[in-house]
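A.B. asks: here you go, sequence then predicted model.
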Amino acid sequence: MRIVSVLRAGAATLVAAGVALAGLGPVSSAASSHREAPLIAADPAVDNTDLYAFVSPERAGYVTFVANWQPFSDPDGGPNFYPFATDAVYLINVDNDGDAKPDAVFRWTFSNVDKRGGNTFLYANGPVTSLDDENLLFRQTYTLESSFHGEPFKTRVSGAPVAPSRVGRATMPDYAKLRADADKRLPGGWNVFAGQADDPFYLDLRVFDLLYGGDLSEVGRDTLAGYNVNTIALQVPFTDVALKGDPKRNPVIGVWSTTERARTRLSGPSASGDIRTAERVQVSRLGNPLVNEVVVPAGLKDAFNAIGPDQDACIPAVVQRVNDPELPKLIEGIYKVPAPATPRTDLSEIFLTGITTKAGGPIKADLNSQLNNADVDPANFRPSEMLRLNLGVPVTAQPNRLGVLGGDLQGYPNGRRLTDDVVDISLQAVEGAAVTGRLVDALAAGDKVDANDNAFSGSFPYVALPNSSRASSAPASSASSSVSPSASQAAEALNPTPSAFESGTAMTAVTVGTSALATGLGAALFLGWWRRRRSPLS
């Protein structure tokens, strides 16, 4: 089959990808997720931490994209705080025909309005009650442009205000109002927001200390609690992103975000020119979460993030890391849990093609591959890493943090919602739960961080308000108490036992895990559930 042969092809090499990085200069970066690639630590303003794509729960017929940058933004990080880069271009890309190239591109560029000059170092010199308050001495605006099917970019809005970094209660007594004022409704029904927000990603990052201390003793602390990120959120009609504008015939889209910088960067008063028309290079890329952080080894990370999804299947070393992931071997060495046999064809299907019966993979279901779109030409389909979403799956009344395998078809790997979980499923996925359909008891408790530290909103832009102070790594118990009632109920209700999984009455699993790793658990458990209950769209 052509798809399998493409996966095995070696038309491009990582050496060539590495050469492409050589022209970026000493301040270049390339990464996704939180500081996982060697170069990105020097340039956090363009480091894309997470990408989310989901059907808008309160607005029928609309899809929402949320992309975050600037990891580990401490609320106390003044006096400059955390602006978007003005010499970079931020993009959200959508592929609806499966060729791994964008059919819709949304592009943001940012500008500064800085009134501090030689008079003060302050971000604001008094209470700020509106986005145009004279006390707000530093602010940003943005221009949003869109391009469909390779056509020239069209400006959708310019001079739109960015919600500022949250300085604190004294300076910004009603930050919720500032957030609301930055939420813009555009012609065509679009909603757009740019500004600071609480980091919605939740997990215990002590996984890097010999997988939670070598005995799972280092769990239960939300490492990202209290930190902020810079968020771009966009809500558009299904018809703007579906193939041929027909979401009924073609409901599946693939999404990834990127950041680009000019190949040559200038600074100081002499710097000039339009970043949108300059010769640019891609310095950040993100589809599924944690792919570059956990799946790709250190020597490949920067190169991986410099290429587009259309090149993924041509790099044998990257495909090999999906078929033979590293993490199971680490768990075997530390916890003596045998690693599953390779190659992991189930991971390849979910990671590179989406769930479909049309790619020759082991999962006999059609959920979120562009091959399921009626008007896609299979001959042009290209396996690639991106976050895939079926727009036709109805909104879940009570979202399950464990996604598809918790019986919730709207969750990961079918897109990613803010409440979808990560680490718990990843640990299970790498241990072959996709094959056995059972949790590994020794790892069943996961990282004991099951919800975000702040509640999400039920309407656009959904992300929580940014933190104005940070307590050092809040315990998971406080995180669970702060989520919305539906999320809390889901977290409490889903504590299945192995027997429940065997009987098929409870399903486990991921939502946004290390794509290649987390998705595996999704595979077999989802398959068992699917055989008993067909999708509304099957």
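C.D. replies: That came in fine, so what should we check first? It should be emphasised that the depicted structure is a prediction, and the values quoted were computed from it without experimental measurement. Residues are numbered from 1 along each chain as shown.

A.B. asks: please make it C-alpha for all contacts and neighbour counts, starting now.
C.D. replies: Noted.

A.B. asks: and for this protein, the residue most distant from the center?
C.D. replies: residue 119 (40.2 Å; CA atoms, centre = their mean).

A.B. asks: distance of that one relative to residue 132?
C.D. replies: Using CA to CA, to the nearest Å, we find residue 119 at a distance of 19 Å from residue 132.

A.B. asks: all the strands of the stretch 251-400 of the chain, residue numbers only.
C.D. replies: 252-262, 280-286, 387-390 (DSSP state E, counting those that start in this stretch).

A.B. asks: out of these, the one nearest residue 226 is which?
C.D. replies: strand 280-286 (23.0 Å; CA to CA).

A.B. asks: which other helices and strands contact the closest one?
C.D. replies: On a contact count with 3 or more CA pairs under 8 Å, 6 or more residues apart in numbering; DSSP states H and E, strand 280-286 meets strand 48-55, strand 252-262.

A.B. asks: for residue 192, which of the ones you listed is the nearest?
C.D. replies: strand 48-55 (14.1 Å).

A.B. asks: after that closest one, next one along is what?
C.D. replies: strand 62-73 (DSSP states H and E).

A.B. asks: contacts for that next one next, please.
C.D. replies: Applying CA atoms under 8 Å, 6 or more residues apart in numbering, the contact partners of strand 62-73 are 34-35, 44-56, 82, 92, 224, 227-238, 257, 391, 461.

A.B. asks: switch the cut-off to 6 Å
C.D. replies: Residues outside strand 62-73 that contact it (CA atoms under 6 Å, 6 or more residues apart in numbering) are 34, 44-45, 47-56, 227-238.

A.B. asks: please, a ChimeraX command that selects the buried ones among these?
C.D. replies: In ChimeraX, a selection of the buried entries from the contacts of strand 62-73 looks like this (16 or more other CA atoms under 10 Å):
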select :34,44,45,47,48,49,50,51,52,53,54,55,56,227,228,229,230,231,232,233,234,235,236,237,238
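
A.B. asks: quick one: the helices in the stretch 1-150 of the chain, in order.
C.D. replies: 2-8, 14-21 (DSSP state H, counting those that start in this stretch).

A.B. asks: the stretch 351-500 of the chain now?
C.D. replies: Using DSSP H, counting those that start in this stretch, helices in the stretch 351-500 of the chain cover 423-429, 433-436, 476-481, 485-493, 498-503.

A.B. asks: average pLDDT for the longest one?
C.D. replies: In this model, helix 485-493 has a mean pLDDT of 32.

A.B. asks: residues near the residue nearest to residue 262 when sequence neighbours are not counted, how many?
C.D. replies: Excluding its sequence neighbours, the residue lying closest to residue 262 (CA to CA, 6 or more residues apart in numbering) is residue 280, at 4.1 Å. Using other CA atoms under 10 Å, the number of residues around residue 280 comes to 18.

A.B. asks: just to revisit the earlier point, which one of the helices of the stretch 1-150 of the chain has the poorest average confidence?
C.D. replies: helix 14-21 (a mean of 33).

A.B. asks: so which of the strands of the stretch 251-400 of the chain is nearest residue 413?
C.D. replies: Using CA to CA, these put strand 387-390 closest to residue 413, at 7.4 Å.

A.B. asks: partners of the closest one, with directions?
C.D. replies: Sheet pairing of strand 387-390 (DSSP bridges) gives strand 252-262 (antiparallel).

A.B. asks: CA atoms of the partner strand as PDB?
C.D. replies: Extracted C-alpha coordinates of strand 252-262, given in PDB (Å, rounded to 0.1, in the frame of the first residue of the first chain):
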ATOM      1  CA  VAL A 252     -12.000  15.900   9.300                       C
ATOM      2  CA  ILE A 253      -9.300  18.500   9.500                       C
ATOM      3  CA  GLY A 254      -5.700  18.400  10.600                       C
ATOM      4  CA  VAL A 255      -4.200  21.300  12.600                       C
ATOM      5  CA  TRP A 256      -0.800  22.500  13.600                       C
ATOM      6  CA  SER A 257       0.700  25.800  14.700                       C
ATOM      7  CA  THR A 258       4.000  27.400  13.700                       C
ATOM      8  CA  THR A 259       6.100  30.500  14.400                       C
ATOM      9  CA  GLU A 260       8.400  32.100  11.800                       C
ATOM     10  CA  ARG A 261      11.200  34.600  12.100                       C
ATOM     11  CA  ALA A 262      13.000  36.500   9.500                       C
END
